[in-house]
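Asker: Have a look; sequence and predicted model below, questions after that.
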Amino acid sequence: MDRTMLEARLDLLRREHAAGEERLKALDTQIAEQKRTQLRFAGAIQVLEELLREQG
């Protein structure tokens with residue numbers, strides 16, 4: 001491969017790597033949001049289960 005081809009390949013790989021990093025950041029944000037949602041669900045479930053137990 002000549003220098004031009006190597007530089008072009010390097011540029012492409014750097015751009016793909018940067019795009020991958022951005023996607024990972026977005027996924028981390030989605031995971032954090034989903035964990036918060038799951039905690040809210042778990043809390044609501046616990047409250048409702050306790051209310052049902054109290055009503056016998």
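Answerer: Nice, I can see it.
Asker: where does the spatially most central residue of the chain land on pLDDT?
Answerer: In the chain, the centroid-proximal residue (C-alpha atoms, centre = their mean) is residue 27; its distance is 2.4 Å. At residue 27, the model reports a pLDDT of 98.
Asker: Tell me which helix or strand it sits in.
Answerer: Per DSSP states H and E, residue 27 falls inside helix 3-55.
Asker: Neighbours of residue 37, how many?
Answerer: For residue 37, the neighbour count with other C-beta atoms under 10 Å is 10. Backbone N, C-alpha and C define where each C-beta goes, glycine included.
Asker: Would you mind measuring from it to residue 23?
Answerer: Applying C-beta to C-beta, to the nearest Å, the value for residue 37 to residue 23 is 21 Å.
Asker: next one: residue 13
Answerer: Remark: distance between residue 13 and residue 23 (C-beta to C-beta) = 15 Å.
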